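Student: the following comprises the amino acid sequence and a computationally predicted model.
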Amino acid sequence: MFATTLFLLQQVADAPTRGPIMGYIPIALLFAISLAIPIGALTVGKFVRRTVMTREKMMSYECGVDPVSDARERISIRYYIIAMLFLVFDVETIFLFPWAVIYDQLAIFGLIEVLVFIGVLVVGYYYAWRKGALDWV
Amino acid sequence: MPNVQELNLNYNAILPELCVIGAGLAIMMYDAFAPKGPRRLAGWIALAGLAGATYSVWRLWGLETAPSFNGMLLTDPLRLTFSIVFLLVAAVSVMFSMQMLDDERLPAGEYFTLLMFGTVGMLLMGGAGDLAMLFLGLETLSITTYVLAGFRRGDLRSNESALKYFILGSFSTGFLLYGMALTYGATKTTNLAGIQEAIATGALTSPGLLTVGAALMLVGFCFKIATAPFHFWAPDVYQGAPTPVTAFMAAGPKAAAFAAMLRIFVMTFPADGGDLSRATTGVLVIVAIMSMIVGNVAAIRQTDIKRMLAYSSIAHAGYALLGVVAGDWTSVMFYLLTYAVMNLGAFGVVSLLARVGDEKTDIEDFAGIGFKSFGLAMLLTVFLLSLGGIPLTAGFMGKLVIFKQCWQAGHTTLVIVAALNSAVSLYYYLRPVVVMFFREREEEFVPPRVSTMAEVALTLALFGVIYLGVFPGRLLSELDRLAKRTPAAAQLNSQR
């Protein structure tokens, strides 16, 4: 049994040489396993555990405080503005990482390009600032 | 990993894009730091940026076809000629928008920034030498147009238009991106030249994957250019958006999507000289026929002039597809140039006649205004006749060139269907003319205010319609010369 599993895993590990689709088998396996674990745990738990339904227990959890209203409330538009501002910095970081990795090869040219890139983002940031996106009240 | 020298960085090649981006950023800063009040300078900054971009395109004109930025950008006649169309569309839209923004007190800074960034997206799409670049340009363009469509924030129709455009546009982008991913899977490269080589040498991981990829990309592009059966978003979006934005959307993004389509389906895929190009051409023939018939028949029944022009734009996408079917990019480019000029003119007049807030867009609202607002009525008549394809106008020359190319490529049935359709279309193009000149007016009529910039834009459009209609010779021979310099895929094949 163990030997068979090992053999199959070995096959999977060699797979990428045999066609592009075969390379996805580890991912499919991972997906299947990660699906099986929670489903298995829940199913086993259902047979083993004792069920007690009280009002407090069925309430939605809100940091220990009793919930006061429905969860489907209107959310202030400011959250979206903050989310968009977050994107400015998020994208910046994503592009700075690869640059930092090969910084020595790109040399002065890379540095200037990155400064231009940051400059463009700073323009966007100042724009949002001047337009009052950061005025919270 | 290629070092910096091998990346082929060429700042001359992206100078047009840099000019437009610079203008966009300048408008943003102006908007942020200027004191309260209308941003009257924003439009001028935009026009200056576009003028700079036009000059840099002109400087690139005589150069040899060359890839730059590691093959991401391709400077060839297709890019340069389409760039002129995009810049023209953007400039005329800016001129029309200035009056609307002023009248309705809309934030001009935001508007022109978005318009500039959208123009950059179009320019990048026209010059894309790589699927990744093409997608980047498309997204830059799409996201800005979604916002522009909903620019009249207080107007429900405008909101509806933006939301519909956003949802259906993202949906079609999904198709396109999936198609690109599968094409990448089949050819192991996103570079268009690389894809062409992989197809020509048969070095594909799976031919089926490429076919599916091509089909999905075809669906994505057909959505973007609004051809039947993927046209359902167009009438609602075009009707709801502010009219100058509609003018921009119907002329600019459509031309950009056609440029991208030409790059992929005319310049890259026919390299296999067989099944794939036959399949895509077959589908395009059907799409073109459906689009012409659906567009023209539905336009007959419209009572709202913006909706009517939206359906007419669906039909025109069908005509322009004839050139894609024929595999001739110059005729498509010429057609889109003529279409851009007359369409911008028609929507421009409508935006003036519809008054502040686009209140009066019913064709019946124009009853009897022919002699009360003679100039505008005559202009609208000229633009509508041109859209219908009356001789001595741009529309006629565009159709003539594209029909001729398609006929020579052997698609005779398609040309006959197109010619019949274009005859049918005259009925609905003439209806507003009849209503304007031969109907009595019951209500009071005050001729609308026409700002100087709108006058300049209308003059430009009128000049374009007449010039392209009467003296197209110079431009056509120049296009012919450029076309000879672009090696077609088939020739590349035979050289191997």
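Tutor: Structure received.
Student: can you name the residue of the stretch 101-250 of chain B nearest to chain A?
Tutor: At 5.7 Å from chain A, residue B:205 is the closest residue in the stretch 101-250 of chain B, using Cβ to the nearest Cβ. The way it works is simple: take the backbone N, C-alpha and C, and place the C-beta from them, glycine included.
Student: residue A:24 versus that residue, what's the distance?
Tutor: Going from residue B:205 to residue A:24 by Cβ to Cβ, to the nearest Å gives 14 Å.
Student: which of the two has more neighbours?
Tutor: Using other Cβ atoms under 10 Å in any protein chain shown, the more surrounded residue of residue B:205 and residue A:24 is residue B:205, with 15 against 12.
Student: so that one, which state does it fall into?
Tutor: Secondary structure, DSSP: H, G, I helix; E, B strand; the rest coil: residue B:205 is coil.
Student: list phi and psi for it.
Tutor: When read as degrees, to the nearest 10, the backbone of residue B:205 gives phi -70, psi -30.
Student: ok, and the closest non-adjacent residue to residue B:308?
Tutor: By the measure of Cβ to Cβ, 6 or more residues apart in numbering or on different chains, the closest residue to residue B:308 outside its immediate chain neighbours is residue B:302, 4.0 Å from it.
Student: what's the answer for residue B:380, then?
Tutor: residue B:349 (4.3 Å).
Student: next up, the contacts around the residue of chain A found nearest chain B.
Tutor: Closest residue of chain A to chain B, Cβ to the nearest Cβ: residue A:130 (3.7 Å). When contacts are counted by Cβ atoms under 8 Å, 6 or more residues apart in numbering or on different chains, residue A:130 is found next to B:32, B:33.
Student: quick one, grab the pLDDT at it.
Tutor: Looking at residue A:130, its pLDDT is 88.
Student: which helix or strand in chain A has the lowest average pLDDT?
Tutor: helix A:2-14 (a mean of 66; mean pLDDT, DSSP states H and E).
Student: toward the C-terminus, what is the element adjacent to that helix?
Tutor: Downstream of helix A:2-14, the first helix or strand assigned by DSSP states H and E is helix A:25-48.
Student: using PDB, write out every CA atom in that next one.
Tutor: Provided in PDB are the C-alpha atoms of helix A:25-48 (Å, rounded to 0.1, in the frame of the first residue of the first chain):
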ATOM      1  CA  ILE A  25      -1.600  16.800 -11.200                       C
ATOM      2  CA  PRO A  26       0.100  17.900  -8.000                       C
ATOM      3  CA  ILE A  27      -2.200  20.900  -7.800                       C
ATOM      4  CA  ALA A  28      -5.300  18.700  -8.400                       C
ATOM      5  CA  LEU A  29      -4.100  16.300  -5.700                       C
ATOM      6  CA  LEU A  30      -3.500  19.200  -3.300                       C
ATOM      7  CA  PHE A  31      -7.000  20.500  -4.100                       C
ATOM      8  CA  ALA A  32      -8.600  17.000  -3.500                       C
ATOM      9  CA  ILE A  33      -6.700  16.600  -0.200                       C
ATOM     10  CA  SER A  34      -7.600  20.000   1.100                       C
ATOM     11  CA  LEU A  35     -11.200  19.400   0.200                       C
ATOM     12  CA  ALA A  36     -11.200  15.900   1.900                       C
ATOM     13  CA  ILE A  37      -9.800  17.100   5.200                       C
ATOM     14  CA  PRO A  38     -12.600  19.500   6.300                       C
ATOM     15  CA  ILE A  39     -15.300  17.400   4.800                       C
ATOM     16  CA  GLY A  40     -13.900  14.300   6.600                       C
ATOM     17  CA  ALA A  41     -13.600  16.200   9.900                       C
ATOM     18  CA  LEU A  42     -17.100  17.500   9.700                       C
ATOM     19  CA  THR A  43     -18.600  14.200   8.800                       C
ATOM     20  CA  VAL A  44     -16.800  12.300  11.600                       C
ATOM     21  CA  GLY A  45     -17.600  15.000  14.100                       C
ATOM     22  CA  LYS A  46     -21.300  14.800  13.200                       C
ATOM     23  CA  PHE A  47     -21.400  11.200  14.400                       C
ATOM     24  CA  VAL A  48     -19.200  11.700  17.500                       C
END
